[in-house]
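Engineer: Build me a structure from this.
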Amino acid sequence: MPNDTKLLRVNFSDIAIGQSFYDPISAEYFVKRSPSHAAMISGIGDGTVLDEFEQDDAVGIGQN
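Structural biologist: Numbering: from 1, shown residues only. Modelled structure (predicted):
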């Protein structure tokens with residue numbers, strides 16, 4: 001996970017629909033669109049193409 005921000009490690013299932021998160025596998029940011037899909041919003045992603053995630057995939061969310 002990136003070193004420039006503090007991220008809390010959680011499972012994909014813990015993310016709310018509409019919430020953004022960091023995927024350490026692709027090293028990109030996504031927004032959750034459904035219980036099993038998210039759209040990339042960084043890099044080449046424009047938020048329209050869905051990727052499938054498993055419920056137990058580890059992802060990072062910002063700590064407030």
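Engineer: And the pLDDT at the residue most central in space within the chain?
Structural biologist: With the centre of the chain defined as its mean C-alpha position, the nearest residue by CA atoms, centre = their mean is residue 21, 3.2 Å away. What the model reports as pLDDT for residue 21 is 96.
Engineer: what sits up against the strand or helix carrying it?
Structural biologist: Under the criterion of DSSP states H and E, residue 21 resides in strand 20-23. For strand 20-23, contacts defined as CB atoms under 8 Å, 6 or more residues apart in numbering pick out 1-2, 7, 10, 12, 15, 28-32, 38, 41, 53, 57, 59-61. No exception for glycine: its C-beta is placed from N, CA and C like everyone else's.
Engineer: 10 Å instead, please
Structural biologist: 1-2, 5, 7-10, 12, 14-15, 28-32, 38-42, 47, 51, 53, 57-62 (CB atoms under 10 Å, 6 or more residues apart in numbering).
Engineer: Which of the residues you listed are buried? Put it as a PyMOL command.
Structural biologist: Only the buried entries of the contacts of strand 20-23 go into this PyMOL selection, using 16 or more other CB atoms under 10 Å:
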select buried, resi 7+12+15+29+30+31+32+38+39+40+53+57+59+60+61
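Engineer: quick one: which of the contacts of strand 20-23 sit in strands?
Structural biologist: 7-10, 28-32, 38-40, 51, 58-62 (DSSP state E).
Engineer: number of nearby residues for residue 63?
Structural biologist: As a burial measure, residue 63 scores 8 neighbours (other CB atoms under 10 Å).
Engineer: Residue 17 too?
Structural biologist: Residues within reach of residue 17, counting by other CB under 10 Å, total 11.
Engineer: Show the pLDDT at it.
Structural biologist: Confidence score, pLDDT, at residue 17: 98.
Engineer: does it count as helix, strand or coil?
Structural biologist: Secondary structure assignment for residue 17 (DSSP: H, G, I helix; E, B strand; the rest coil): coil.
Engineer: Could you give the bridge partners of the nearest residue to it once chain neighbours are set aside?
Structural biologist: Spatially, and ignoring its direct neighbours in sequence, residue 17 is nearest to residue 32 (5.2 Å; CB to CB, 6 or more residues apart in numbering). Per DSSP bridges, the residues bridged to residue 32 are residue 38.
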